[in-house]
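Trainee: Got a sequence here, can you build the structure:
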Amino acid sequence: MRRGLEGLPSPILGVTIGMIVSVLSYGLLMLFGSRVSRSNRIPLKTLFFQVIAGIFVGLGVWARYIAIGLSPVAVVLALLRISVPLVLFLSPLLIGRKEENVTCKLWLGSVLIVAGSLVLIFYP
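Mentor: Residues are numbered from 1 along each chain as shown. Just a heads-up that it's a prediction; the model follows:
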């Protein structure tokens, strides 16, 4: 595997390719695995979204390492922490308020996370 990825411009690209291959392999195993009974099989729609999510995670990791190489680490980490309140905002809208119970404690925690990351930027 190491020789096959030797000519790539970034080692993170190799990690991303490896993650995508792993996700696809695992998805195929779950889809066609002989040890899984018919009643326990994962629906194709769910499996599709899991594969897409795995691909996006791999690309996100790659983009993060590129950003760390191009910008100060504190700025990249602070921007990554914005994902916490974004998920708290979007998850009830996408999943439903009953399934995703976002409380005031969670919002307070997300504010503290973002505030802590801003300290990294403004008070190094």
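
Trainee: quick one: the helices in the protein?
Mentor: Assignment of helices within the chain using DSSP state H yields the ranges 11-32, 44-70, 73-81, 83-95, 104-122.

Trainee: chain center to the second one, what's the gap?
Mentor: The reference is to helix 44-70. Averaging C-alpha positions (CA atoms, centre = their mean, to the nearest Å) puts helix 44-70 6 Å from its chain's average.

Trainee: buried sites along it?
Mentor: Buried residues in helix 44-70, counted by 16 or more other CB atoms under 10 Å: 47, 51, 54, 58, 62, 65. To be clear about C-beta, it is placed using only N, CA and C from the backbone, and glycine gets the same treatment.

Trainee: Flag the shaky bits of this structure, pLDDT-wise.
Mentor: For the chain, the stretches with pLDDT under 70 are 1-8, 11, 33-41, 124.

Trainee: Could you list which residues are in contact with residue 107?
Mentor: By CB atoms under 8 Å, 6 or more residues apart in numbering, the residues touching residue 107 are 85, 88.

Trainee: swap in residue 113?
Mentor: Counting by CB under 8 Å, 6+ apart, residue 113 has contacts 81, 84.

Trainee: measure it to residue 59 for me?
Mentor: Counting by CB to CB, to the nearest Å, the gap from residue 113 to residue 59 is 23 Å.

Trainee: burial count for residue 98?
Mentor: 7 (other CB atoms under 10 Å).

Trainee: again with the one 4 residues further on
Mentor: Other residues near residue 102 come to 14 when the count uses other CB under 10 Å.

Trainee: Enumerate every residue touching it.
Mentor: 88, 91, 92.

Trainee: wait, isn't the last one in contact with residue 106?
Mentor: Okay, so that is residue 92. No - in this structure, residue 92 is not within contact of residue 106 by CB atoms under 8 Å, at 10.7 Å.

Trainee: picking that back up, now render the buried residues of helix 44-70 as CSV, adding distance to residue 28.
Mentor: Converted to CSV, those look like this (distance: CB to CB, whole Å):
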residue, distance to residue 28
47, 9
51, 9
54, 13
58, 17
62, 23
65, 28
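
Trainee: Now the residue most central in space within the chain: closest residue in space, sequence neighbours ignored.
Mentor: In the chain, the centroid-proximal residue (CA atoms, centre = their mean) is residue 57; its distance is 3.8 Å. The shortest distance from residue 57 to any non-neighbouring residue, by CB to CB, 6 or more residues apart in numbering, is to residue 19 (7.1 Å).
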